[in-house]
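**Q** Predicted model and sequence follow; I will ask about them next.
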Amino acid sequence: MDVIMKGLMAAESHSRLLSFATRGYIFASHRPHAPEFYHVSPLGIWQDEDIWEYIRKYDVPYAPLYDITYTNSKGKICNIKRNGCVGCCTDIAFKDNHMSVLRQTHPERWEQQMRSGLGEQLMNLQKYKGNGRVNYLNVAKNIESVIDTRPCAFDDIGDRIISDGMTQSDYDSEEGSVHEVI
């Protein structure tokens, strides 16, 4: 592999902004087990509005997932902004994370993810961050009771797991992960 093309935009998060500012559109990288290769970020300075303008101007097909709406934690109707991978938990520390949106837009898929081991891992994460105490799952003793709880106990897990500041970042924060329907 010589080149990795990325669709990352500096506007998506502070860490992506810093990365683009220090590395630019093209930068060399290497791994101990591989020869040098390059990362290319042609959308580095684009913003969401630029992407949608391009899609409309050139009639570019896009995933219908972006037309699905959900209600965010503030009660506003929003569109899915990033579809990402099913079961993505990179933004679990923030309200309106991928999993809480998936629970609203595709409840069967969400339940499948929870039952396939993700729910157990999220419970373990909370226990680890709570020094072994299950301080918010007093009623939920197993994954079945978590799945049946509404709203889901994991929708705002970040409020409970971020206490030491070590896991906090602005990656896909609420402001960066949703947009209101016009």
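**A** All right, it came through fine.
**Q** now the host helix or strand of Trp52, how far from the chain's geometric center?
**A** Assignment of secondary structure by DSSP states H and E places Trp52 within helix 48-57. Here the centre of helix 48-57 is set off from its chain's centre by 21 Å, with CA atoms, centre = their mean, to the nearest Å.
**Q** now Leu18: how far from Phe94?
**A** For Leu18, the distance to Phe94 equals 19 Å [CB to CB, to the nearest Å]. C-beta here means a position set from N, CA and C on the backbone, and glycine is covered the same way.
**Q** residue contacts, Gly7?
**A** With contact set as CB atoms under 8 Å, 6 or more residues apart in numbering, Gly7 has these partners: Ser41, Leu43.
**Q** Repeat the analysis, applying 7 Å as the threshold.
**A** Each residue near Gly7 by CB atoms under 7 Å, 6 or more residues apart in numbering is listed here: Leu43.
**Q** Is it in a helix, a strand, or coil?
**A** Secondary structure for Gly7, judged by DSSP: H, G, I helix; E, B strand; the rest coil, is coil.
**Q** What about Ser19, how many residues nearby?
**A** A count of nearby residues for Ser19, using other CB atoms under 10 Å, gives 17.
**Q** Now the residue of the chain positioned farthest from its centre, what are its backbone angles?
**A** What lies farthest from the middle of the chain is Pro35; by CA atoms, centre = their mean that is 30.6 Å. Pro35 adopts backbone torsions of phi -70, psi 170, taken as degrees, to the nearest 10.
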